[in-house]
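from the sequence below, what's the structure:
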Amino acid sequence: MILDEDLTEFEKAGKLCYFPVVQNPDENWVYGQGRISEAMIKSFMPDSSESLDDSLIIVCGPPKLKDEMKRVIVDEMGYTNTFFFN
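Next up, the predicted model:
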């Protein structure tokens, strides 16, 4: 994964919450798997009503994934501090 080691180090330092999700993990995968849903996001993100200004959600993936995540994260959940990249 892009920047996996860097993001893991930032998480260990308490600077962010890093939760990678893959569609088809191998047997050693310990993070999220499958299709990202609002329920999955809610399981590891602070409530948007409490942290809109303090949270930055970064999404990386193909256009279809980014479009779906933008709909869920911004339109349905109310987060506005987002960054979507390939």
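
helix or strand right after the worst-scoring helix or strand of the chain on mean pLDDT?
Ranked by mean pLDDT, DSSP states H and E, the helix or strand of the chain with the weakest confidence is helix 48-51, at a mean of 64. Next helix or strand after helix 48-51 toward the C-terminus (DSSP states H and E): strand 57-60.

isn't residue 2 right up against residue 60?
Yes - Residue 2 is within contact range of residue 60, at 6.4 Å (criterion: CB atoms under 8 Å). In short, each C-beta sits where N, CA and C put it, glycine included.

neighbour-wise, which of these two wins?
Set residue 2 next to residue 60 and count neighbours by other CB atoms under 10 Å: residue 60 wins out with 15 against 9.

buried residues, stretch 54-71. List them.
By 16 or more other CB atoms under 10 Å, the buried positions in stretch 54-71 come out as 55, 57, 59, 61, 65, 66, 69.

export the residues you listed to JSON lines and append columns for pLDDT.
Shown next, in JSON lines, are the buried residues of stretch 54-71 (pLDDT from 0 to 100):
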{"residue": "55", "pLDDT": "77"}
{"residue": "57", "pLDDT": "84"}
{"residue": "59", "pLDDT": "87"}
{"residue": "61", "pLDDT": "84"}
{"residue": "65", "pLDDT": "87"}
{"residue": "66", "pLDDT": "90"}
{"residue": "69", "pLDDT": "90"}
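
now, which of those residues sits nearest residue 27?
Proximity of these to residue 27 (CB to CB) peaks at residue 61, which lies at 22.5 Å.

now do the same contact list for the closest one.
By CB atoms under 8 Å, 6 or more residues apart in numbering, the contact list for residue 61 reads 69, 86.
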